[in-house]
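In: 3D, please:
(2 chains)
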Amino acid sequence: MAIVALVEDSDGKIKKSSIEAVVYAAALAKQISEDEVVALALGNQVSSEELEGLGKFGANRVLHANDERLNQGVIQAYASVVDQAMNETGANVLILAKSSLGDPVASRVAIKQQAALGANVVELPDLSDGFVVKSSIYTGKAFAHTKLDRDKKIIALRKNAITPEEGEGKATVEAFNPSLSDADFGATITNTEKSEGDILLPEADIVVSGGRGLKGSENWGMIEELADTLGAATGCSKPVSDIGWRPHHEHVGQTGVKVSPSLYVAVGISGAIQHLAGVNSSKYILVVNQDAEAPFFKAADYGVVGDAFEIVPQLTEKIKASQN
Amino acid sequence: MKILVCITHVPDTTSKISFTENNTKFDTTGVQYIIGPYDDYSLARAIELKEQHGGSVTVVNVGEAETEPTIRKALAIGADDAIRINAHPSDSFFVAQQIASVVKEGGYDLVLMGRESIDYNGGQVHGMVGELVNMPSISPVMQLDIEGDTAKLSREIEGGKEQLEVKLPFIAGCQEPIAEWKIPNMRGIMMARKKPLDVRDPADNEQMTDTVRYELPPPKGEVKMFSADELDALVQALKNEANVL
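Out: Next comes the predicted model:
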């Protein structure tokens, strides 16, 4: 028997959230005495060396569906491959990262496998009375403890819910040739636009976001410099993406991207409740705002009242100095 | 074009979340309910598509009698008729089954819903319905246009977006900026009272999960404030106390 972990890559590099899925799968395998952790990778952009490296995170085997048609995440085709991999390995459990691809794939596989699905899961299950997972609900304002009432189970893991530690080991990479029909490619991806070289916002360990207090897109340089210094992704508040200062995929909040980094830095964002809903799973929050009454300070761990145009460049310099 | 829009009845985004009965039930005291924000985007786009292409917009909700004001609001915004599956939406598989049975019977060209509900944040129902009725499901959709029997859409991916084409019928989980929310006007509100609302019993009662209890996160500690002159101390705190640098 096996646990399968779905591995997504971004231009050939395995996503951090997928490494977290493999680590979670390995920890769960120990907990429930399964003997095999099988990572499943799709598409021909990811190298065998990269996949072998998953051994360091606890995978024994890697099944690689090395098919160019799977470079893009066509939801039905992915679901079909995952389903076939679960059948092939006799897996009762599938672990994947909650993502724009993970969610729709998990739900289709849940029906194919008649598996109970736990979404937005934040820690290993409690096995004292059945198989109970803890999920983040109400946009981070609460947790649900949900029993997965089927022999087969799927867990969609919230990003940054666990910290991967690198160990030793090499996984064996095997070619996996699922049968795919035209119907699996019912939707055709005609174009993909992606920001080059950026750290993916939903995966980032540190996020620096700017709000209307920055007064214009031309002032984003200092946010980017602070983000570069911290190795962080950049985000923004809803008004900023609505005005068009920043692209929509950087909008952090209730109806945008939800983040759960170790550190969230909010600059010139007052902290409307809809914005807080997207960041309240952050471990630490630092707020820089001119208005001492900004509601964000109530949700923050650290705060600085002052002019962002003075504080952010200074803070960047001081962090740089502390890194040397 | 026959469009089905699936709506959730959820606490307003500003609601304080608490639980009763030993953390086993959601405390509804003082909570205002709304159409799920992502569902609101779907509904707005469905109405625009109906204006462009003709046809009808039906809304469906899985919920008990208390969800009817939310359904009437969707009718006031411009849906033509509504179906309420009379059951508590306790599990996403259960909800997906109910919607799938409506989809199968109704012969819809397009099924729209939010990318996720804002209570459980599961993002599961669109995919489950797609699989149950054997249609493509695409989520999260930010843009949707129909030309003949083909839809052109864009889907958000981590760090960007992708454009897709798909033949009707299909299912989409939607998010902004697919359309601007619509606000009901007085005429819409008056008309909504007369629009048909069909109440049905659930097709099946099977569930795959059971939520046994809830929990609130631990309360946040006090914020530590630093003045503009104390940035060195802030950096030290981030480094040595929070351990994030």
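In: for whatever residue of chain B ends up closest to chain A, give its distance to A:A5.
Out: For chain B, the residue positioned closest to chain A under C-beta to the nearest C-beta is B:G127, at a distance of 3.0 Å. Placement of C-beta: from N, CA and C, glycine included. Noted for B:G127: a distance of 19 Å to A:A5, by C-beta to C-beta, to the nearest Å.
In: A:N87 too?
Out: Distance of A:N87 to A:A5, computed by C-beta to C-beta: 16 Å.
In: quick one, which of those two is more surrounded?
Out: Per other C-beta atoms under 10 Å in any protein chain shown, whichever of A:N87 and A:A5 has more neighbours is A:A5, with 34 against 12.
In: sec struct for the more buried one, please.
Out: The three-state label given to A:A5 by DSSP: H, G, I helix; E, B strand; the rest coil is strand.
In: for it, give me the pLDDT.
Out: Listed pLDDT for A:A5 reads 98.
In: give me every residue that touches A:I285.
Out: Neighbouring residues of A:I285 by C-beta atoms under 8 Å, 6 or more residues apart in numbering or on different chains: A:263-266, A:279, A:296, A:299-302.
In: keep only those of those residues that are in strands.
Out: If you go by DSSP state E, the contacts of A:I285 have A:263-266, A:302 in strands.
In: from the residues you listed, which is closest to chain B?
Out: A:L263 (4.1 Å).
In: hmm, that closest one is touching A:Y284, no?
Out: Yes: counting by C-beta atoms under 8 Å, A:L263 does reach A:Y284; the two are 5.0 Å apart.
In: who's in contact with A:A85?
Out: A:A85 is in contact with A:4, A:38, A:40, A:63, A:65, A:91, A:176, A:178, counting by C-beta under 8 Å, 6+ apart.
In: in strands only, show me these.
Out: Cross-referencing the contacts of A:A85 against strands under DSSP E gives A:4, A:38, A:40, A:63, A:65.
In: now the residues you listed as CSV including neighbour count?
Out: Converted to CSV, the ones in strands among the contacts of A:A85 look like this (neighbours: other C-beta atoms under 10 Å in any protein chain shown):
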residue, neighbour count
A:V4, 28
A:V38, 26
A:L40, 28
A:L63, 26
A:A65, 22
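In: could you dump those to JSON lines with distance to B:V10?
Out: What follows is the ones in strands among the contacts of A:A85, written out as JSON lines (distance: C-beta to C-beta, whole Å):
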{"residue": "A:V4", "distance to B:V10": "33"}
{"residue": "A:V38", "distance to B:V10": "37"}
{"residue": "A:L40", "distance to B:V10": "34"}
{"residue": "A:L63", "distance to B:V10": "39"}
{"residue": "A:A65", "distance to B:V10": "38"}
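In: so who does residue 104 touch?
Out: All of this refers to chain A. By C-beta under 8 Å, 6+ apart, the residues touching A:P104 are A:75, A:79, B:123, B:126-127, B:130, B:137-139, B:173.
In: was after chain B, sorry
Out: The contact partners of B:K104, by C-beta under 8 Å, 6+ apart, come to B:V133.
In: list the buried residues in the helix or strand encompassing it.
Out: Using DSSP states H and E, B:K104 sits within helix B:92-106. Using 16 or more other C-beta atoms under 10 Å in any protein chain shown as the test for burial, helix B:92-106 gives B:92-103.
In: can you narrow these to ones near chain A?
Out: B:92-93, B:96 (C-beta under 8 Å from any C-beta of the partner chain).
In: thinking again about what came up before, pull up the overlap in contacts between A:L263 and A:Y284.
Out: Common contacts of A:L263 and A:Y284 (C-beta under 8 Å, 6+ apart): B:238, B:242, B:244.
In: redo these as CSV? Include distance to A:N289 and secondary structure.
Out: Shown next, in CSV, are the shared contacts of A:L263 and A:Y284 (distance: C-beta to C-beta, whole Å; DSSP: H, G, I helix; E, B strand; the rest coil):
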residue, distance to A:N289, secondary structure
B:L238, 17, helix
B:A242, 19, coil
B:V244, 19, coil
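In: partner strands of the longest strand belonging to chain B and their direction?
Out: If you go by DSSP E, chain B has its longest strand at strand B:137-147. Sheet pairing of strand B:137-147 (DSSP bridges) gives strand B:150-157 (antiparallel), strand B:170-174 (parallel).
In: taking the stretch 51-200 of chain A, what residue is nearest to chain B?
Out: Using C-beta to the nearest C-beta, A:S107 is the residue of the stretch 51-200 of chain A that sits closest to chain B, at 3.0 Å.
In: that residue - nearest residue in space that isn't next to it in sequence?
Out: Take A:S107 and drop its neighbours on the chain: the residue closest to it by C-beta to C-beta, 6 or more residues apart in numbering or on different chains is B:G127, 3.0 Å away.
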